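Novice: What shape does this take:
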Amino acid sequence: MENKKITVIDNANERIDKYISMVDNELSRSYLQRLLKEESVKVNGKVVKANYKVSISDEIEYHVPDLQELGVTAENIPLDIIYEDKDIIVINKPKDMVVHPAAGHTNDTLVNALLYHCKDDLSGINGVMRPGIVHRIDKDTTGVLVICKNDNAHTKIAEQLKEHSTTRKYEAIVYDNIKDDDGLVDAPIGRNFSDRKRMSINRRNGKPAITHYRVLERLGGKYTHIECSLETGRTHQIRVHMSSIKHPLLGDTVYGPSKDQFKLQGQALHAKTLGFIHPTTNEYVEFSAPVPDYFDALLLKLR
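Specialist: Take a look at the predicted model:
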């Protein structure tokens, strides 16, 4: 069980479930309401109900139970392996593949496939639900992912990701013509207050996020093929940032038009290149994956 503490410094008179969810991006209001019902939330040492409204200087303490781990089975799912050695395995993730299991989705994930291919040779730092997983990309984003086979590799690559010293380049197709040849978006990203499944530009509680972009090709004046380089790795970063400058990704019905005229089954986004210092050789290595067939076909159609 994890014990957390917060001191209220703003947003006085806000409901306590909403206030905590604004500060702690990991917890939804519905989950916090459950904790409140279970009397796992105290203010100034006293149990409070969900309708309690916070005051400046209130000391909030809440207890988050350990996540229940679900059983994960190995599955013989083909992997597109770019590179593999005793420390890491680099794969090209296809569209419509979830990276790791979660409640309600424990099969057909990348982890299920890795357990079959690697057997016991996966790092254990992220627990039995996420063996080997040091970073991830969205279900409908394709491209390069590195998986760690031991805890030493996991620790060293995780540190590089944390320090933003890795090379991470993506290709995307966005709506409308981007006039400048390149640019950047520097805007913090956090949970959307009204919809916890979405991220948004959040200048109050968001985490720093920087995306560089450059135009690869302008497509008929209505769309643009771009490359994005990440300084940070926030959830949905490219999707949120490009949408914020009025160039949402094709197929992204969450941050772009609600109807996808191209029927793409998710956003046109591909993790093209990943580079980092190898955990054993200490040499810089870089891996790339070609854009998938649907992406190439879409470019041809839009030219």
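Novice: from here on, contacts and neighbour counts on C-alpha atoms
Specialist: Noted.
Novice: Which helix runs longest in this protein?
Specialist: In the chain, taking DSSP state H as the definition, the longest helix is helix 151-162.
Novice: mind listing what's buried in that helix?
Specialist: 151, 153-154, 156-158, 161 (16 or more other Cα atoms under 10 Å).
Novice: can you check stretch 2-10 too?
Specialist: residue 8.
Novice: what's in contact with that stretch?
Specialist: Stretch 2-10 has contacts (Cα atoms under 8 Å, 6 or more residues apart in numbering) with 54-66.
Novice: thought residue 131 was touching residue 125?
Specialist: Yes. Contact criterion Cα atoms under 8 Å: residue 131 and residue 125 qualify, at 7.3 Å.
Novice: quick one: secondary structure of residue 32?
Specialist: State at residue 32, reduced to three classes by DSSP: H, G, I helix; E, B strand; the rest coil: helix.
Novice: And residue 211, by the same measure?
Specialist: Secondary structure, three-state DSSP: residue 211 is strand.
Novice: what's near enough to touch it?
Specialist: 184-186, 228-232, 237-238, 241.
Novice: how does it look with 7 Å?
Specialist: 184-186, 228-231, 238 (Cα atoms under 7 Å, 6 or more residues apart in numbering).
Novice: which residues does the residue located most distally from the centre of the chain contact?
Specialist: Distance from the C-alpha centroid of the chain, by Cα atoms, centre = their mean, peaks at residue 46 (36.0 Å). Residues near residue 46 by Cα under 7 Å, 6+ apart: none.
Novice: at 10 Å instead, please
Specialist: Applying Cα atoms under 10 Å, 6 or more residues apart in numbering, we find residue 46 in contact with 39, 59-61.
Novice: Run a quick neighbour tally on residue 299.
Specialist: Using other Cα atoms under 10 Å, residue 299 has 16 neighbouring residues.
Novice: Serialize the buried residues of helix 151-162 to JSON lines and add fields for distance to residue 270 and pLDDT.
Specialist: Formatted as JSON lines, those follow (distance: Cα to Cα, whole Å; pLDDT from 0 to 100):
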{"residue": "151", "distance to residue 270": "28", "pLDDT": "92"}
{"residue": "153", "distance to residue 270": "25", "pLDDT": "95"}
{"residue": "154", "distance to residue 270": "23", "pLDDT": "94"}
{"residue": "156", "distance to residue 270": "25", "pLDDT": "94"}
{"residue": "157", "distance to residue 270": "21", "pLDDT": "96"}
{"residue": "158", "distance to residue 270": "21", "pLDDT": "92"}
{"residue": "161", "distance to residue 270": "19", "pLDDT": "93"}
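Novice: would CSV of those with distance to residue 224 be doable?
Specialist: As requested, the buried residues of helix 151-162 are exported to CSV (distance: Cα to Cα, whole Å):
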residue, distance to residue 224
151, 41
153, 37
154, 36
156, 36
157, 33
158, 33
161, 28
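Novice: quick one: which of the contacts of residue 46 has the most company?
Specialist: Top of these by neighbour number is residue 60, holding 21 neighbours under the definition other Cα under 10 Å.
Novice: so who does the nearest residue to residue 203 once chain neighbours are set aside touch?
Specialist: Nearest residue to residue 203, sequence neighbours excluded (Cα to Cα, 6 or more residues apart in numbering): residue 188, at 5.8 Å. Counting by Cα under 10 Å, 6+ apart, residue 188 touches 200-210, 234, 237, 241.
Novice: From the contacts of stretch 2-10, list the buried ones, please.
Specialist: When the contacts of stretch 2-10 are checked for burial by 16+ other Cα under 10 Å, the buried set is 54-55, 58-63.
Novice: How far off centre is stretch 287-295?
Specialist: Put simply, stretch 287-295 sits 20 Å off its chain's centre (Cα atoms, centre = their mean, to the nearest Å).
Novice: need the contact list for the most centrally placed residue in the chain.
Specialist: Nearest to the mean C-alpha position of the chain, by Cα atoms, centre = their mean, lies residue 235 at 3.3 Å. Going by Cα under 10 Å, 6+ apart, residue 235 touches 136-138, 189-191, 198-200, 209.
Novice: Can you pick out the most distant pair from the residues you listed?
Specialist: Greatest spatial distance in these: 136 and 200, 19.0 Å, computed using Cα to Cα.
Novice: Which one's more surrounded, those two?
Specialist: Ranked by neighbour count (other Cα under 10 Å), residue 136 and residue 200 place residue 200 first, with 24 against 17.
Novice: got any residues that touch both of residue 131 and residue 125?
Specialist: With Cα under 10 Å, 6+ apart, residue 131 and residue 125 have common neighbours 148, 150-151.
Novice: what residue ranges in this protein are flagged as low confidence?
Specialist: Low-confidence segments of the chain (pLDDT under 70): 1, 25-26, 66-70, 103-104.
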